[in-house]
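Student: fold the following for me, if possible:
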Amino acid sequence: MHKLPEVLLPLACLPDVEYFVWLSNTSQARLEIHETYPKQTCRTRYRIASAEGTLQLSVPVIRQDGNHTPTNRVLLAGTDWNRIHWRAIESAYNKSPFFLYYKDDFEAIFAAPPSLLMEFNLKLLKLCCSLSGIKTSLNLTLNYEKQPENCPDLRQKFMPKHPVNQKEYIKHFKPYIQVFSDRNPFIPNLSILDVLFNLGPGTADYLRQHELTESS
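Tutor: Below you'll find the predicted structure:
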């Protein structure tokens, strides 16, 4: 697939491998922050590999304007979820080859998260891009466009609440050794955390190995 000039993406929380394949195949990404915040999607949910298999973590939030709250006004809720999430990540990856090298940067964000979900997700996304060798320009949307032109609209693509008629752009995710490969089969398309902690500097090469092909 040739490199795209731009894509429109949700501002996701520690999104999956496919999200980062899109990022690595575009020159710039617009990150949606003016949509009416959709619950139970990649904006607050991400998946890691635990000893028991896939573990989904969900960030609790407060919608300041109820059902009409835009994503850029969604607040992080409570004071304990961040410690719970970090303990889960540490438990899952403390024996991975590259956790020791990257953990301080991630732990700092979880230890003192900003008040807005948008800012939390963006901090993590920029860190993941830096560690993955992705130099794509990340730009926040200035307004909401219902039907954007001239770029792929992927706002409903990743972990949608209702995955009806979901198109699969990556047909096969190449296996790599995961922390619990001795007891569990390979789990594809987890949060980019799984690739970073297991492959480290090899993450960029892993992303390049996947071609985006829209299903018919």
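Student: ranges for the strands of the protein?
Tutor: In the chain, the segments counted as strands under DSSP state E are 4-10, 26-32, 45-50, 53-58, 61-63, 74-76, 137-140.
Student: which one of these lies closest to K174?
Tutor: Comparison of the strands of the chain against K174 by Cβ to Cβ identifies strand 45-50 as nearest, at 15.5 Å. All C-beta atoms are positioned from the backbone trio N, CA, C, and that covers glycine.
Student: which residues does that closest one contact?
Tutor: 12-16, 54-59, 88-89, 91-93, 159, 178-180, 184, 187, 190-191, 193-194 (Cβ atoms under 8 Å, 6 or more residues apart in numbering).
Student: circling back to that earlier point, I'd like the strands of the chain as a markdown table, with mean pLDDT, mean neighbour count and distance to N198 appended.
Tutor: Below are the strands of the chain laid out as a markdown table (pLDDT from 0 to 100; neighbours: other Cβ atoms under 10 Å; distance: least, Cβ to Cβ, whole Å):
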| stretch | mean pLDDT | mean neighbour count | distance to N198 |
| --- | --- | --- | --- |
| strand 4-10 | 94 | 19 | 24 |
| strand 26-32 | 96 | 19 | 24 |
| strand 45-50 | 97 | 22 | 9 |
| strand 53-58 | 97 | 14 | 15 |
| strand 61-63 | 97 | 17 | 29 |
| strand 74-76 | 98 | 20 | 28 |
| strand 137-140 | 97 | 13 | 24 |
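Student: list the contacts of the closest residue to P5 other than its chain neighbours.
Tutor: Using Cβ to Cβ, 6 or more residues apart in numbering and skipping the chain neighbours, the partner closest in space to P5 is S27 (5.4 Å). Taking Cβ under 8 Å, 6+ apart, we find S27 in contact with K3, L4, P5, E6, T136, S137.
Student: for L8, same thing?
Tutor: Contacts of L8 (Cβ under 8 Å, 6+ apart): A29, R30, E32, T141, P148, C151, P152, D153, L154, R155.
Student: residues in contact with the fifth one?
Tutor: With contacts taken as Cβ under 8 Å, 6+ apart, P148 has the following neighbours: L8.
Student: if we can go back for a sec, in helices, which of the contacts of strand 45-50 fall?
Tutor: Those of the contacts of strand 45-50 mapping onto helices are A88, I89, S91, A92, Y93, L193, D194, per DSSP state H.
Student: farthest pair within the residues you listed?
Tutor: S91 and D194 (13.6 Å).
Student: next, show the common contact partners of those two.
Tutor: By Cβ under 8 Å, 6+ apart, no residue touches both S91 and D194.
Student: quick one, which of the two is more surrounded?
Tutor: Using other Cβ atoms under 10 Å as the criterion, S91 and D194 rank with D194 on top: 25 against 13.
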